[in-house]
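Kindly return the folded structure for what I paste below:
(one chain, ligands or ions: 1)
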Amino acid sequence: MAQQAERQVFDLVVVGGGPGGYPAAIRAAQLGLRTALVEKERPGGVCLNWGCIPTKAMLRSAEVLETTRHGADYGVLADNVRLDYPAVLARKDRVVKSLTDGVAGLLAASGVTVVAGHARLAGPLAVEVVGVGDPPLGPGGPRYNAPPAPGGAPVTRLEGRNLLLATGSTPALLPVPGIDLPGVVTSDGAFLLEEVPRRIVIVGASAVGAEWATMFQAFGSEVTMVELLPRLLPAEDEDIGKALARSFARRGIKVETGRTVTGIAPAGDQAPPLLVTVADPDGSNQRQVETDVVLVGVGRRPNTAGLDLERAGVATDRRGWVEVDDRLRTGVPGVHAVGDLTGRVLLAHVASHQGLVAAGVMAGHDERMDYRAVPAATFTHPEVASVGLTEAAAREAGHDLAVGRFPFSALGRAQTFGQVEGLVKVVAERDGRVLGVHVIGPGASDLIPEGVLAMQLGATLADIAATIHAHPTLGEGTMEAALVALGLPVHLPPAGRPAVDSRERARAEPAQDRPAEGPRAPRFDLTVRVDATRLLGFQADLNRQLGTGVEVGLTDLVVKACAGLLAASPALNASFGGDRLLVGRRVDVGVAVAADGGTLVPLVRDADRKSIARIAAETAELAGRARAGRLGPEEAGGAFTVSSLGVDQFSATLGPSEGAVLAVGAARPEPRALDGRVEVRQVLRLTLSIDHRVVDGATGGRFLGRLKAALEQPLGIVA
Ligand SMILES: Cc1cc2nc3c(=O)[nH]c(=O)nc-3n(C[C@H](O)[C@H](O)[C@H](O)COP(=O)(O)OP(=O)(O)OC[C@H]3O[C@@H](n4cnc5c(N)ncnc54)[C@H](O)[C@@H]3O)c2cc1C
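Numbering: from 1, shown residues only. The predicted structure follows:
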């Protein structure tokens, strides 16, 4: 049959028109190679059709929805804000079409011959093109992994002096019972859901899973994520994964790390809904989660089915990825491979870079791949981006490190955006050479090129610090982090030294001895009323489950919630010392204790890193010693205090080391109208007294608003 097919000869035949194949074809044509490209779907590959672009288009809709919902924070009032999911999908389709049409136009304009169909190898440097079979997920679903049409005779035979394989990858599935039930999808199937699922379990917390979690949570789904490794985005720096976990918890995304899914079953006679069994990696500690959709995002495998690699003698590793050297050459002369298919770094920009290098190599240039400065971006809210070594990897590799962290909350541009979550972290060799840059926060993906360029050029911390950055921009965060690593911070206390000399702050002083506040310490009070009914139920549940030993009080829950918020946006973890603003580098929360001599404020150190049970135990122990007069001077004197003295409706006095004191009133029953009924709810009054030199009213108000939200959804506090 092959003899009947039309035969065409080229300098280069590219199989696959994704981010690996199409830039290679364009570059090869620019370099004078007569080039053909075979593609069985629209050009652009997974990235443009079923990956990077459609997810980012939908994430943008999620972001617009969130921003509109919080319009009041910006002084913009919008009523009746709601989601039109079909319109989200239609916009996504328009964006995809515009870009895939664009790629088709570029290929044509570059003189690349595009052949539609499924390519299979017919020898080392020959390809047969046949028809494309049914898409695995049905009409309208992806065709990039569709089989060849059954019994299809070749339409065309393409021969080349060079062959470039760029067929990409396809989702891997979990080998567990129930994986083929209706309602269990991969990222491909998720695009085909016609409505937002009420509940979704996402298996796998790397970039793909985390982005879908962000999106569906914003669209209103109840999201549970299950990840085998100990944290979200396991490939990222530990600080980044933890910061994202805190942010996800605040948004109400439930995350189970160090856990796996061992089975999926119909919850009733029909699926969905589904019952997902979540367990520890050894199968113990099982619990079942009912859901409407399960999204499996546990990795990819090479897209080689029906490619007949063996007919060209192309070798793969034991997992099926095509093996290449640093010039993208397989073991077969003239045959190259790029992109996901090589299993090296499964990212679109890596595929494209490989494609350009491979085209150069095939045109006779001396080019090689260098993977030392490869950025990665995850478009969660907040965004994550990184390049180079994590702090842990750098330490493991034996580097003597200088590390600088700079929180977005201390950056003017982030404040103007109203997005102060996150930080920039620079990891460098002690001599200043930049080894890695890690960002979580607004615009992270657009900030990372500075780190990439720094690494590419072998730049140092001093180079970054000496580069003039426009103001006010998010990019200043990278400069500030470099300054912190150099020990020369301008907008933070010096790295390696506590915000304040602890001896200076460590005075457990009775309230009546505190200096009266004068005009140099302007303060203001903000009050909020919290519906504490759930919180009290949660506290009772917690105490039941913890058993005897420790009694978790309402104050402990408030301390934990405040610690989480202070870690994310440290603006209120600060006080005014002399003529300087002293921002705490650790989250130490003071807890006011009524003692004989007056009020004492022992500190729960690193409260953001401690469990509620541990906070409760420590608070009880510290209070006991405070009352007995056995509190050490270094055990008091924090910037943020929680004061819960059993009295309702009071505002506290600010001590010299304090920037803010939160007074927690007593919970009182109050009738409230809910869904047309009157219900008695337990209402708690919180009053935040703030030194006006530390933060402004808007920042204080936002903090209090977030605290109210956290206390009214208390599950997020424990995460
Ligand atoms: C949900 C999701 C989100 C993602 N987001 C990002 C992101 O934000 N940033 C990022 O860098 N990466 C992202 N990726 C990864 C990115 O999509 C891939 O790394 C990239 O598409 C790989 O490019 P490629 O050219 O190697 O393969 P592909 O993009 O998979 O392209 C391969 C092409 O080959 C064609 N093909 C396959 N076999 C044949 C055959 N036998 N005959 C003819 N044609 C064939 C296919 O139709 C396809 O068009 C994401 C992936 C997913 C799934």
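
how is the protein carved up into domains?
Listed by automatic domain parsing, the domain ranges of the chain are 6-170+301-362, 184-298, 392-485, 511-717.

With mean neighbour count added, can I get these in JSON lines?
All C-beta spots, glycine's among them, are computed from the backbone N, C-alpha and C. Output for the domains of the chain, formatted as JSON lines (neighbours: other Cβ atoms under 10 Å):
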{"stretch": "domain 6-170+301-362", "mean neighbour count": "20"}
{"stretch": "domain 184-298", "mean neighbour count": "20"}
{"stretch": "domain 392-485", "mean neighbour count": "20"}
{"stretch": "domain 511-717", "mean neighbour count": "18"}
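
Pipe those domains into a markdown table and attach mean pLDDT per row.
Below are the domains of the chain laid out as a markdown table (pLDDT from 0 to 100):
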| stretch | mean pLDDT |
| --- | --- |
| domain 6-170+301-362 | 96 |
| domain 184-298 | 96 |
| domain 392-485 | 95 |
| domain 511-717 | 83 |
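
Of all those, which one is nearest the ligand?
Evaluated over the domains of the chain, closeness to the ligand peaks at domain 6-170+301-362, with 2.1 Å, by Cβ to the nearest ligand atom.

So the closest one, near the ligand or not?
Yes. Shown here: domain 6-170+301-362 in contact with the ligand (Cβ under 6 Å from any ligand atom) through 15-21, 38-41, 45-47, 51-52, 55, 118-119, 144, 166-169, 303, 306-307, 339-341, 346-349, 351.

Out of those residues, which sit inside helices?
Counting by DSSP state H, the residues of domain 6-170+301-362 next to the ligand place 21, 45-47, 52, 55, 348-349, 351 in helices.

Taking those, tell me the two that lie furthest apart.
G21 and T55 (20.6 Å; Cβ to Cβ).

Next, the contact list for A444, please.
Shown in contact with A444 (Cβ atoms under 8 Å, 6 or more residues apart in numbering): 377, 382-385, 422.

And L83, by the same measure?
65, 196, 219-220.

try it again with 10 Å
Contact partners of L83, counting by Cβ atoms under 10 Å, 6 or more residues apart in numbering, are 61-62, 65, 196, 218-220.

before we move on, the earlier item: now the domains of the chain in JSON lines, with distance to A373?
Formatted as JSON lines, those follow (distance: least, Cβ to Cβ, whole Å):
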{"stretch": "domain 6-170+301-362", "distance to A373": "11"}
{"stretch": "domain 184-298", "distance to A373": "16"}
{"stretch": "domain 392-485", "distance to A373": "4"}
{"stretch": "domain 511-717", "distance to A373": "29"}
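
could you measure H70 against L423, distance?
Distance, H70 to L423, using Cβ to Cβ, to the nearest Å: 21 Å.

Could you do D556 as well?
Applying Cβ to Cβ, the value for D556 to L423 is 27 Å.

Over to V374?
21 Å.

before we move on, what about P171?
Distance of P171 to L423, given as Cβ to Cβ: 32 Å.

ranges for the helices of the stretch 201-350 of the chain?
Under the criterion DSSP state H, counting those that start in this stretch, helices of the stretch 201-350 of the chain are mapped to 207-219, 238-251, 348-362.

Report the inter-axis angle for the first one versus helix 238-251.
Read that as helix 207-219. Taking axes from the mean of the first three to the mean of the last three Cα atoms, to 10 degrees, one finds helix 207-219 and helix 238-251 inclined to each other by 20 degrees.

Run the chain-centre distance for helix 207-219.
Relative to its chain's centre, helix 207-219 lies at 9 Å (Cα atoms, centre = their mean, to the nearest Å).

before we move on, back to that, I'd like the helices of the stretch 201-350 of the chain laid out as JSON lines, including distance to R395.
Below are the helices of the stretch 201-350 of the chain laid out as JSON lines (distance: least, Cβ to Cβ, whole Å):
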{"stretch": "helix 207-219", "distance to R395": "24"}
{"stretch": "helix 238-251", "distance to R395": "11"}
{"stretch": "helix 348-362", "distance to R395": "26"}
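
Good, we can wrap up now.
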